[in-house]
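Undergrad: Quick one, structure for this:
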Amino acid sequence: MANGKQKLELTWIGKDIRPKLEPRILIEDPAKSYHAGFRTVGSRGGENAENAGKQSPTSAASAPREDFFDNRLIFGDNLLALKALEQEFTGKIKCIYIDPPYNTGSAFTHYDDGIEHSLWLSLMRDRLELLRQLLSPDGSIWISIDDNEQAYLRVVMDEVFQRANFRACVTWQRKYSVSNNFQGIATICDYILVYSKSEAFQNNLLPRSRESIDRYANPDNDPRGPWKAVDYLNQATPEQRRNLCYPIVNPNTGEVINNTKKAWKYEPDAHRTHVEENRLWWGREGKNSVPALKLFLSEVRDGMTPHNWWPHDEVGHTDEAKKEGIAMFGATEVFDTPKPERLIHRILTLATNPGDWVLDSFAGSGTTGAVAHKMGRKWIMVELGEHCHTHIIPRLTKVIDGTDPGGITESVGWQGGGGFRYYRVGPSLLEKDRFGNLVISKEFNSAMLAEAICKLEGFIYAPSDTVYWQQGHSTETDFIFVTTQTLAREQLQKLSDEVGEGRSLLVMCGAFRAKSLEGFPNLTVKKIPKAVLAKCEWGHDDYSLEIKNLPMKTPYSEEAREPSSHTMKPRSKAERRASVQTPSLFEFSEGREGPQ
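TA: This is a model prediction of the structure:
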C-alpha cells in the first residue's frame, strides 16, 4: 500500500528490502574478446574466413554502434552488471530473454537454484526493475519459467511492467515423451511469460511454413496465382441475419440458390464485387450448391499469426538442446538446462529485427547470444558462473569462425563473422582501510576512477584528448574533472578561467585549500570519497541467486532499532525450522539491523 491508496499486489516477506546498488564500471579484457578479421556490416557471409579469430583493431570507444563486432559478454554478478549497463543502454534494448533459476530445489551443477519463494521473488523483482529500464519503448521481455513460480512471477511482472502490458503466456512443449514408470501427472511443458514495455510493442509475424503455403493451389489456372477456398456461409441462421439473405445465381448451371439453413457471410454489395472479380469457386465441375470465396496467397499477410502453443516439433525440446551442447562441449560438459536454438530463434523472430539489441542476463551456456549472432542481432550476455569461460566463449568462438554446424546455422545460412568484447564487472570503488574507513580502492587507476565517478554523478565518461579537465559531460556545456589531488585556490582559479562563461565544471578532488569558493561561479567542488559515501552499498560483490548472498534481517524489539555495521549470518533451513523460538530469517535482533 502506498500513499494510503489500496492496490492489488503480491506481498512477501522482505519485499521492502531493496539493495542500494553501486553503478560499477565494466573493464574490457582484450585477451578474452574475440573477433573475425573482417567486417560483416550489411552482410552475413563468411568471405575471407581464413582471417577468422584475428583481433579487430577497432576500440570499443570508437566503434560505431551498428558495428556487428560490438556485442558484449559480461562476466560478473548480473544485478551489478545490469546497473552498470543502465547509463548507456536505458531505453535501447529491443528484446530481453532470460531463463532464470526456476527455484525448484534441484541440484544443478551450474546453478544453485533452491531458493525460498520470498527470497526468489525479491531477487527477481530487483532484476526485473532494472531490465524494464533497459527496454526500448517498443521492446519486450520473455521469461522462461516452470509451474513452481509461474503464477507468482506473473503477479510480480504485472506490478513491475503493468498488467496492461501482458502479452502472452506461451506454453512450450519441452518434452516429447513421458516414462510409463512416472507416478502422478508428468510435466512436459514450461512457460514463457511475455510482457512489453508499453503499448508501442508490435510483434512480427511468423514466416509462412511450407505446410501453410501448400494449402494454396490453383486448380483453375487463375492468373492471380494460388488461392484457397473460404466458406461462403455464415454461422447465423436466416432468422438471425435477414440482411445476409439474398438469392445467388450459379453462372454455370443457372440455378438460383436461396438461404434455407444459414445466412451468407457477405453483404449483397460485397457479393456483387466477388462476382465481378471472378472470385467465386463452384467446384471442379462448376455445379456445387454453395460457392466458396477465393483467397489469394498474394493478398494475405506476409506471414502467420503466432499463437501461445509451441510444440516441440516447431521449436525443439530439451533433448535437442542437450544434443546441441554435446556436439559443442562433449557429453561430460553439457549444460544441465539448455534451451534449443530453435526456441530462441522463434522468440527473436517475433520480437526483433536485424540490428536490434538483445539482452540475456542469465546467459547459461550462451544460446541467446549464439542465436542472436547468427540472426544478425546485436547482443549482450551476462554470466557469473565459470561456464562463462568454459562454455560461452568456446561456443561463440565457433559461431564467429563459422565452425558451429548445429542449431539454426543451416536454416539461416550462417557462415561466420562478427565478434564480441569481453568485460568483467569492475571492483567496488571504495574499500575499508585498516582502520575501517572507506577509501578509494587500490585497484583503481586515474582513468577507472574518473569513469566510476562519472557514473555516480550522472555524467557520461568521455575524456577529451586535448582538454585535461574535460573527462566527462552531462550536457554540451557541463563537464566533470576528477582528481585525487588537493587543489589550491590558484589551481581552482586556473580551472575557472579555462572553463569560462557559458560552461560549468564539477570538480571532484581529494581536497581543496580555499576558505571560500566565491569567485568561481562556474565551478562546483566536491571532495572524494566523502561526496559519494552515502550513494550506495560499497564492497558488495555478489547479489546472485543464492541464499547465502541475500540481505538478512534478525529479530528486533520496538525499543531498539538502531542500525549497526554488523550483519547476522543466515542460518540453514533446518535450523530455522528447528524451533518456533528461533529468530525468523527476516526479523531484526535487538539493536542490530541488516544491510540497507
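Undergrad: I figured Gly510 was touching Thr483, is that so?
TA: Yes - Gly510 is within contact range of Thr483, at 7.1 Å (criterion: C-beta atoms under 8 Å). Backbone N, C-alpha and C define where each C-beta goes, glycine included.
Undergrad: which phi and psi does the nearest residue to Ala531 once chain neighbours are set aside have?
TA: Nearest residue to Ala531, sequence neighbours excluded (C-beta to C-beta, 6 or more residues apart in numbering): Met508, at 6.7 Å. With angles defined as degrees, to the nearest 10, Met508 sits at phi -110, psi 110.
Undergrad: show me what contacts Met508?
TA: 453, 457, 480-483, 526-528, 531 (C-beta atoms under 8 Å, 6 or more residues apart in numbering).
Undergrad: go on, Tyr195?
TA: Contacts of Tyr195 by C-beta under 8 Å, 6+ apart are 140-141, 157, 161, 165-167.
Undergrad: who does the closest residue to Phe161 other than its chain neighbours bridge with?
TA: Excluding the flanking residues, the one nearest Phe161 by C-beta to C-beta, 6+ apart is Tyr195, at 4.2 Å. Counting by DSSP bridges, Tyr195 is bridged to Ile141, Phe166.
Undergrad: Can you check which helix is longest in the protein?
TA: If you go by DSSP state H, the chain has its longest helix at helix 117-134.
Undergrad: and the chain, what are its domains?
TA: 26-206+306-425, 210-299, 430-528, 552-596 (automatic domain parsing).
Undergrad: Would you mind listing where the stretch 201-350 of the chain has pLDDT under the threshold?
TA: Applying pLDDT under 70 to the stretch 201-350 of the chain picks out residues 335-336.
Undergrad: Which stretches in it count as helices?
TA: For the stretch 201-350 of the chain, the helices defined by DSSP state H, counting those that start in this stretch occupy 210-213, 268-276, 312-315, 318-329, 341-351.
Undergrad: Tell me which of the ones you listed sits nearest to Glu149.
TA: helix 318-329 (18.5 Å; C-beta to C-beta).
Undergrad: And the residue nearest the centre of the chain?
TA: Most central in the chain under C-alpha atoms, centre = their mean is Ile96, positioned 1.8 Å from the mean C-alpha point.
Undergrad: does it count as helix, strand or coil?
TA: strand (DSSP: H, G, I helix; E, B strand; the rest coil).
Undergrad: For it, name its beta-bridge partners.
TA: Applying DSSP bridges, one finds that Ile96 bridges with Ile141, Leu359.
Undergrad: Buried deepest among the domains of the chain, which one?
TA: The highest mean neighbour count among the domains of the chain, using mean count of other C-beta atoms under 10 Å, belongs to domain 26-206+306-425: a mean of 19.
Undergrad: That one: end-to-end distance?
TA: End-to-end distance for domain 26-206+306-425: 5 Å, by C-alpha to C-alpha, to the nearest Å.
Undergrad: cool, stretch 26-37 as well?
TA: 24 Å.
Undergrad: quick one on the thing from earlier: can you name the two of the contacts of Tyr195 that sit furthest apart?
TA: Ser140 and Met157 (11.8 Å).
Undergrad: Verify the contact between the residue nearest to the centre of the chain and Gln133 for me.
TA: No - applying C-beta under 8 Å as the test, Ile96 and Gln133 come out as separate, 10.9 Å apart.
Undergrad: picking that back up, out of the domains of the chain, which is closest to Asp542?
TA: Across the domains of the chain, closest to Asp542 is domain 26-206+306-425 (C-beta to C-beta), at 5.6 Å.
Undergrad: where along the stretch 251-400 of the chain do the strands fall?
TA: Secondary structure of the stretch 251-400 of the chain (DSSP state E, counting those that start in this stretch): strands at 256-257, 280-281, 292-296, 309-310, 357-360, 378-383.
Undergrad: Pipe the ones you listed into CSV and attach distance to Lys398 per row.
TA: As requested, these are arranged in CSV below (distance: least, C-beta to C-beta, whole Å):
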stretch, distance to Lys398
strand 256-257, 64
strand 280-281, 52
strand 292-296, 44
strand 309-310, 27
strand 357-360, 18
strand 378-383, 15
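Undergrad: nearest to Asp222, of the ones you listed?
TA: With C-beta to C-beta as the measure, strand 292-296 is the member of these nearest Asp222 (7.1 Å).
Undergrad: which strands and helices sit next to the closest one?
TA: Where contact means 3 or more C-beta pairs under 8 Å, 6 or more residues apart in numbering; DSSP states H and E, strand 292-296 is packed against strand 227-231, strand 280-281.
Undergrad: and it, how far out from the chain's middle?
TA: Computed by C-alpha atoms, centre = their mean, to the nearest Å, the chain-centroid distance of strand 292-296 equals 42 Å.
Undergrad: what about the chain, any weak spots by pLDDT?
TA: 1-6, 38-67, 103-115, 335-336, 545-596.
Undergrad: List the beta-bridge partners for Gly419.
TA: Under the criterion used (DSSP bridges), Gly419 bridges to His35.
Undergrad: what about it, distance to Glu383?
TA: 18 Å (C-beta to C-beta, to the nearest Å).
Undergrad: How about Ala236?
TA: 57 Å.
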